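Engineer: Predicted structure and sequence below. I'll ask about it afterward.
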Amino acid sequence: MIKLRIDVDYPYPSRLRSFVYTALNTHARKDYLKNSKILARMINESPKEVKAYWFFTPTTIPDKELVDALNAEKHEVALHIVNHPYEELKFLENATSRKIRYYTIHGTSRLLGRIIWKRWTAKSPSIPQDFPVQSFHQFPTLSFDSRCYSKGTAKAIKIAEDSIAQGKILEIHPEWLFQRGTINHRGPYYEALRTLLNVDEELKKLTVRKKFFIKIARDTKEYEKDVWLTEKFAEKLRDTGVDIFTFIERKWLHKPSNPPKNWRETGDNIAILQIPSYDEWWKNIGKKTRNMIRKAEKNGVTTKVVAPDVELAEGIWKIYNETPIRQGRSFPHYGAALKTVKRRVLSPGNRTFIGAYLEEALVGFIQLVHGDKTALVSQILSLQKHWDKAVNNALVAKAIDVCAAQQVNWLMYGRMGNHPSLDRFKQNNGFTRLALTRYYVPLTLKGSVAIKLGLYREFKDALPQRIKYFLIPIYNWISRTKANMK
């Protein structure tokens, strides 16, 4: 069982706002106990066995919405004593209609805390001997939000799992769910807690980028599966601070939908190939491309599906580190450590690796990611010293053969329009440009303002194609210069 001690010290995600309302002993309805409600929702949705002990102060008394979420099966209401044990106990029991069994003592070692909480001494309040509530301080705990601050998400999860196995209780504070404390050295711990509780699966593949004053999120699997925005999903995105959610419509599989009026539609595209059969593809490509594939065979290049093992990882690592410049610009994988490449190659996933070999040495590879009715060319690379042998053409041909054998009718190969020579390579191998609709959905007031001002779009996507092609050599030169300086 995962046991959580949740110290609800402050009522709002904003520290400043919490300090003001706590000092004034009042509260506003907007965002009141917002992070606590997110935690309650996560715990309730968790398929794991969880018990949460909620410790409330006099200024964080749960409202009806939170009380209703704290079902007795997974939650227990408890007291976080600030100054007056009996008065605060009675107040909490009356407000929640719950029997209180445990208490903890709120710490206020800093001067600011003593002023806010009106505790004029650093000494903790004394607990009467006949106090009818049991101390929770006797149970062994792990400060989970502190570990997330000091160790990072991955290590904090491992520490937490070991502590849970030892019977320890994970201590967290709602205000540090998403933010990082500078003085308190706590949080953010949402990602780690989500993993422990095994919830919010739909958020795990999100990538969030900050642009100006807004956060824009997209699903990294949007080309592999259908993505749509439901109200429940939108609420979870708002909870994590996302202002705009963007996704594409997979129109090669479905008819266009009728989106709400406040969704902003923009143009996007992909390079796509429909594969009725390998023989049909072979007939449709040009003579020059067929000759390139035959050239690879004559030069001794063989292709085959390979298992993601250490030998493959070592071969890919050598290809990564052959040159810092590819296709006229800096290559991001150059300099990658062998252990990093091994971790990526050996990680589980619905993928197929195809290797190109010359005298049993790996000279190129292609990685196919399998989605719903579609496979994606995730990466295709070969050693530059063997480019005269048409290795990449052989890899594409083998990828289409594999897809046809597996009855995958659609193969996607990135976008069109960002690299002229790569675009020609795709077109020569039968890929065509498919125009798509990309939606930008405002989730917050900031998101709505950003969409009205046009701040959501990428600069390169707003440029006309003729201007973009003119600027590509300049971009490549800047990229190479940065790489050389590095």
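Structural biologist: Good, I have the coordinates.
Engineer: can you count the residues close to residue 320?
Structural biologist: 20 (other C-beta atoms under 10 Å). Yep, even glycine has a C-beta here, placed from its N, CA and C like the rest.
Engineer: Could you do residue 228 as well?
Structural biologist: There are 10 residues near residue 228, going by other C-beta under 10 Å.
Engineer: Can you tell me the SS state at it?
Structural biologist: Put simply, residue 228 is coil when judged by DSSP: H, G, I helix; E, B strand; the rest coil.
Engineer: give the contact list for the residue nearest the centre of the chain.
Structural biologist: In the chain, the C-alpha closest to the average C-alpha coordinate belongs to residue 206, at a distance of 3.7 Å (C-alpha atoms, centre = their mean). By C-beta atoms under 8 Å, 6 or more residues apart in numbering, the contact set of residue 206 is 217, 218, 219, 220.
Engineer: Buried among those residues? Need that as a selection in ChimeraX.
Structural biologist: The buried subset of these, as determined by 16 or more other C-beta atoms under 10 Å, is captured in ChimeraX by this line:
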select :217,218,219
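Engineer: I'd like the contacts of residue 206 as a markdown table, with pLDDT and secondary structure appended.
Structural biologist: A markdown table is the format used below for those (pLDDT from 0 to 100; DSSP: H, G, I helix; E, B strand; the rest coil):
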| residue | pLDDT | secondary structure |
| --- | --- | --- |
| 217 | 96 | strand |
| 218 | 96 | strand |
| 219 | 96 | strand |
| 220 | 93 | coil |
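Engineer: CSV for the contacts of residue 206, including distance to residue 342?
Structural biologist: Below are those laid out as CSV (distance: C-beta to C-beta, whole Å):
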residue, distance to residue 342
217, 30
218, 28
219, 27
220, 22
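Engineer: what are the ranges of the helices in the stretch 1-150 of the chain?
Structural biologist: Ranges of helices in the stretch 1-150 of the chain, per DSSP state H, counting those that start in this stretch, are 15-24, 34-45, 64-69, 85-96, 111-117, 144-151.
Engineer: wait, which of the ones you listed is closest to residue 292?
Structural biologist: helix 144-151 (51.1 Å; C-beta to C-beta).
Engineer: Going by neighbour count, which residues of the closest one are buried?
Structural biologist: Within helix 144-151, the residues that count as buried by 16+ other C-beta under 10 Å are 144, 145, 146, 147, 148, 149.
Engineer: ditto for stretch 27-47
Structural biologist: 27, 32-44, 46.
Engineer: close enough to count as contact, residue 412 and residue 376?
Structural biologist: Yes: between residue 412 and residue 376 there is a contact at 4.8 Å, judged by C-beta atoms under 8 Å.
Engineer: For those two, work out which one has more neighbours and name it.
Structural biologist: Ranked by neighbour count (other C-beta under 10 Å), residue 412 and residue 376 place residue 412 first, with 23 against 20.
Engineer: in the sheet, who's paired with residue 437?
Structural biologist: residue 267 (DSSP bridges).
Engineer: Run a quick neighbour tally on it.
Structural biologist: Each residue near residue 437 was counted by other C-beta under 10 Å, and the total is 16.
Engineer: And for residue 235?
Structural biologist: The local packing of residue 235 (other C-beta under 10 Å) involves 12 other residues.
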